[in-house]
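S.K.: Fold the following for me, if possible:
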Amino acid sequence: MFKSKNKYLRFAANAIIFLLVVFIIDQVLGRTLRHYYFTSTSGENYRTTYALDSTNADIIILGSSRASHHYVPKIIKDSLGLSCYNTGRDGNFLLFNFAVFKSIVKRYSPKVVILDLNPFELYEAANSYDGLSTLLPYYWDKPELRGIIELRSRVERYKMLSAVYPFNSKILAILKGNHGSDKDNNSNGYLQLTGSSVEKNKPGVEPLEKGEVDPNKLAAIVSMANECNQKNIRFIVVQSPKYLISRQEKEHELVNTLKKQCHFIYWDFSNEPVFRNNPAFFKDRLHLNDEGAGLFTKMVAVKIARSKIVNMDSKNVILKKKSLNRL
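M.R.: Numbering: from 1, shown residues only. Prediction:
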């Protein structure tokens with residue numbers, strides 16, 4: 001019996017040593033990945049970190065790929081005399097945008113926040129929460145984001161005890177960010193698309209969405225609108241152009257109801273004729289190319305100027321007559 005007891009003690013000791021070794025390896029590797037993640041000088045991780053920690057732009061753009069490829073900060077600055085940063089990130093939707101918003105307004109109050117929103121994003125979808133993995137590296141440094149990140153799963157906070165876990169799927173991006181060539185190049189977050197793969201025919205018809213509206217996403221919009229109202233930030237929800245005929249009556253009604261309740265501005269460009277009749281402005285059916293993005297950004301700048309939603313001298317608005325005539 002004494003030998004049997006020693007056997008269990010040795011097993012327990014070996015298990016403890018094994019777990020300790022695993023813990024040390026996890027911590028060393030995780031800290032190494034963390035160091036290189038936050039020393040990235042290019043790429044999407046660098047742009048997100050800059051948005052969360054550093055930007056102090058007058059106008060902030062939030063959204064997914066339909067933000068990152070549709071809004072040209074340089075045009076906004078040249079047109080309105082207001083600095084602008086585009087925080088849009090491909091494949092990251094409303095809950096990610098909410099997290100970026102919370103981190104930014106904790107540091108300072110921009111003059112305008114523009115949320116590029118496809119109303120379909122309001123529906124329940126598993127990938128809405130999977131995409132929050134983008135925010136894992138910021139979990140410990142930014143307590144304002146923890147509640148959003150923990151929406152991924154009930155055990156998310158326990159997974160975060162691993163130093164490697166936040167960087168599991170980011171190793172290649174970390175390498176590119178430290179050695180890549182895709183630097184921001186003063187684009188302030190804008191990622192241009194060139195050319196067009198859209199067939200020169202009539203735009204397709206957008207499919208009707210099925211499912212339930214996600215209460216977490218509704219709460220995110222309400223929270224953003226309320227905080228903007230409290231801090232005297234103008235909050236504008238925009239649906240940017242697409243080469244599809246929109247059939248989002250129910251979704252538009254929902255956004256308009258939120259608009260009335262929360263007192264934000266809503267601009268819908270989804271069926272704008274100048275884009276619907278010009279496939280050459282699109283990279284694909286959902287994304288503008290650089291030429292289309294330039295024209296669309298000018299339209300947004302004109303609406304901001306004409307709406308007088310921010311204090312600015314009208315002589316700062318420098319929009320070409322040719323562009324104005326097309327709007």
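
S.K.: Is there a neighbour count for the closest residue to residue 169 other than its chain neighbours? I'd like the number.
M.R.: Using Cβ to Cβ, 6 or more residues apart in numbering and skipping the chain neighbours, the partner closest in space to residue 169 is residue 133 (6.6 Å). Every C-beta, even on glycine, is put in place using the N, C-alpha and C of the backbone. Using other Cβ atoms under 10 Å as the criterion, residue 133 is surrounded by 19 other residues.

S.K.: Looks like residue 133 contacts residue 148 (just checking).
M.R.: No: look at residue 133 against residue 148 with Cβ atoms under 8 Å: they stay out of range, at 11.9 Å.

S.K.: which secondary element of this protein has the worst mean pLDDT?
M.R.: For the chain, counting by mean pLDDT, DSSP states H and E, helix 321-326 ranks last in confidence among helices and strands (a mean of 43).

S.K.: which residues in the chain form helices?
M.R.: For the chain, helices defined by DSSP state H occupy the ranges 2-38, 43-53, 65-68, 73-80, 94-107, 126-130, 146-149, 156-159, 171-179, 215-230, 249-262, 273-276, 290-307, 321-326.

S.K.: Reformat those into JSON lines and put distance to residue 206 and mean neighbour count next to each item.
M.R.: Conversion of the helices of the chain to JSON lines gives the following (distance: least, Cβ to Cβ, whole Å; neighbours: other Cβ atoms under 10 Å):
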{"stretch": "helix 2-38", "distance to residue 206": "37", "mean neighbour count": "12"}
{"stretch": "helix 43-53", "distance to residue 206": "27", "mean neighbour count": "21"}
{"stretch": "helix 65-68", "distance to residue 206": "13", "mean neighbour count": "24"}
{"stretch": "helix 73-80", "distance to residue 206": "27", "mean neighbour count": "21"}
{"stretch": "helix 94-107", "distance to residue 206": "18", "mean neighbour count": "22"}
{"stretch": "helix 126-130", "distance to residue 206": "19", "mean neighbour count": "13"}
{"stretch": "helix 146-149", "distance to residue 206": "28", "mean neighbour count": "18"}
{"stretch": "helix 156-159", "distance to residue 206": "34", "mean neighbour count": "14"}
{"stretch": "helix 171-179", "distance to residue 206": "32", "mean neighbour count": "16"}
{"stretch": "helix 215-230", "distance to residue 206": "19", "mean neighbour count": "17"}
{"stretch": "helix 249-262", "distance to residue 206": "10", "mean neighbour count": "14"}
{"stretch": "helix 273-276", "distance to residue 206": "12", "mean neighbour count": "16"}
{"stretch": "helix 290-307", "distance to residue 206": "18", "mean neighbour count": "20"}
{"stretch": "helix 321-326", "distance to residue 206": "24", "mean neighbour count": "10"}
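
S.K.: okay, those in JSON lines with distance to residue 282 next?
M.R.: Putting the helices of the chain into JSON lines (distance: least, Cβ to Cβ, whole Å) gives the following:
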{"stretch": "helix 2-38", "distance to residue 282": "34"}
{"stretch": "helix 43-53", "distance to residue 282": "22"}
{"stretch": "helix 65-68", "distance to residue 282": "11"}
{"stretch": "helix 73-80", "distance to residue 282": "18"}
{"stretch": "helix 94-107", "distance to residue 282": "23"}
{"stretch": "helix 126-130", "distance to residue 282": "24"}
{"stretch": "helix 146-149", "distance to residue 282": "32"}
{"stretch": "helix 156-159", "distance to residue 282": "37"}
{"stretch": "helix 171-179", "distance to residue 282": "27"}
{"stretch": "helix 215-230", "distance to residue 282": "26"}
{"stretch": "helix 249-262", "distance to residue 282": "21"}
{"stretch": "helix 273-276", "distance to residue 282": "8"}
{"stretch": "helix 290-307", "distance to residue 282": "6"}
{"stretch": "helix 321-326", "distance to residue 282": "16"}
